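[1] Sequence plus the predicted model coming up.
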Amino acid sequence: MDILLWIVFGLVVGLVAKLIMPGPDPGGIFLTIILGIVGAMLGGWLGRVMGLYHQGEAAGFIMAVVGAIVVLGIYRLAFSGRSRL
């Protein structure tokens, strides 16, 4: 059940990150959602490890969005010059 919640949470975070960072993504919407899930997990984990907040606090959502934006930005930098197949 936790994995399903992370996927839904990552979907929401990925969509929020996409709204904050509009523009074409090299991988499309599905890859953006996957990157949102990865960023949410990474940002949420990093925030808790650093002691910025505890599980269930609103700051977790903010850190998840920041993580998703960072992951999406890195992906765009790494793959923006390549052509789509």
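    Noted; the coordinates are in hand. Numbering: from 1, shown residues only.

[2] Low-confidence regions, this structure specifically.
    In the predicted model, the chain carries pLDDT under 70 at residues 1-2, 26, 81-85.

[3] Now do the helices in it.
    Counting by DSSP state H, the chain has these helices, from start to end: 2-20, 28-49, 59-79.

[4] Is it possible to get the ones you listed out as TSV so that each row also shows mean neighbour count?
    Where C-beta positions appear, they are placed from N, C-alpha and C, glycine not excepted. Formatted as TSV, the helices of the chain follow (neighbours: other Cβ atoms under 10 Å):
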stretch	mean neighbour count
helix 2-20	16
helix 28-49	19
helix 59-79	19
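
[5] so L42 makes contact with G67?
    Yes - L42 lies in contact with G67 (Cβ atoms under 8 Å); the separation is 4.6 Å.

[6] Just give the nearest non-adjacent residue to G39, would you?
    A68 (3.1 Å; Cβ to Cβ, 6 or more residues apart in numbering).

[7] give the contact list for the one you found.
    If you count contacts by Cβ atoms under 8 Å, 6 or more residues apart in numbering, A68 has them with 10, 13-14, 16-17, 35-36, 38-40, 43.

[8] if we go to 7 Å?
    13-14, 17, 35-36, 39-40, 43 (Cβ atoms under 7 Å, 6 or more residues apart in numbering).

[9] Please report how far it lies from L35.
    With distances taken as Cβ to Cβ, to the nearest Å, A68 is found 7 Å from L35.

[10] what touches both of these two?
    G14.

[11] For stretch 49-66, measure first residue to last.
    End-to-end distance of stretch 49-66 (Cα to Cα, to the nearest Å): 15 Å.
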